[in-house]
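> return a 3D structure for these sequence lines:
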Amino acid sequence: MTLRRVLASRFFIVPAAIAAVTIGWNIYVSLHAHGLLSGRVIDAAGRPLANATVVLYTHDFVTQAEKERTKTDASGAFAFTDNDSHLIQLQALDGDRMSARVTIRLWFRAQDRELAAPLVIGAAG
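Numbers count the residues shown, from 1 in each chain. This is a model prediction of the structure:
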């Protein structure tokens with residue numbers, strides 16, 4: 001059997017493709033697993049909210065347990081830098097007003113993620 005025939009065989013191509021995908025996925029994970037989670041907080045009118053509190057909840061077997069809190073900057077931006085969970089919830093608080101809890105499922109632990117939609121704090125409840 002010639003080398004060319006062996007390399008064209010499904011017995012070589014399939015394992016090589018699986019190995020390439022596995023190596024590619026592991027490289028992607030290693031480059032995107034810093035635990036950085038960021039987003040923005042706005043009010044119901046769409047204005048950024050400075051100094052709002054954002055709470056990070058992590059999945060704790062049965063419930064969501066509070067892990068960490070951070071404050072937003074002048075543009076309403078926030079960031080958590082050490083998230084090591086793959087199932088989390090975020091909620092923004094501003095005095096007696098709050099946003100809905102947003103559940104985020106990540107592909108792997110400590111995945112970096114920027115929220116596509118901001119957390120919206122509604123009227124006082």
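> so where's the chain uncertain?
1, 123-125 (pLDDT under 70).
> need the contact list for the residue lying closest to residue 75 once chain neighbours are set aside.
Distances taken as Cβ to Cβ, 6 or more residues apart in numbering place residue 48 nearest to residue 75, at 5.2 Å, with adjacent residues excluded. Every C-beta, even on glycine, is put in place using the N, C-alpha and C of the backbone. Counting by Cβ atoms under 8 Å, 6 or more residues apart in numbering, residue 48 touches 40-42, 72, 74-77.
> for those residues, which one is nearest residue 31?
residue 77 (22.8 Å; Cβ to Cβ).
> my read: that closest one touches residue 40, true?
Yes. Using Cβ atoms under 8 Å, residue 77 makes contact with residue 40 at a distance of 5.4 Å.
> the two: who's more crowded?
Set residue 77 next to residue 40 and count neighbours by other Cβ atoms under 10 Å: residue 40 wins out with 21 against 16.
> coming back round to it: which pair of the contacts of residue 48 spans the longest distance?
With Cβ to Cβ as the measure, no two of these lie farther apart than 42 and 74, at 13.0 Å.
> so between the two, which is more surrounded?
It is residue 42, of residue 42 and residue 74, that has more neighbours when counted by other Cβ under 10 Å, with 19 against 9.
> could you list the domains of this protein?
Domain assignment for the chain by automatic domain parsing gives 1-31, 37-121.
> distance across the longest one, terminal residue to terminal residue?
So the one you mean is domain 37-121. With Cα to Cα, to the nearest Å as the measure, domain 37-121 spans 19 Å from end to end.
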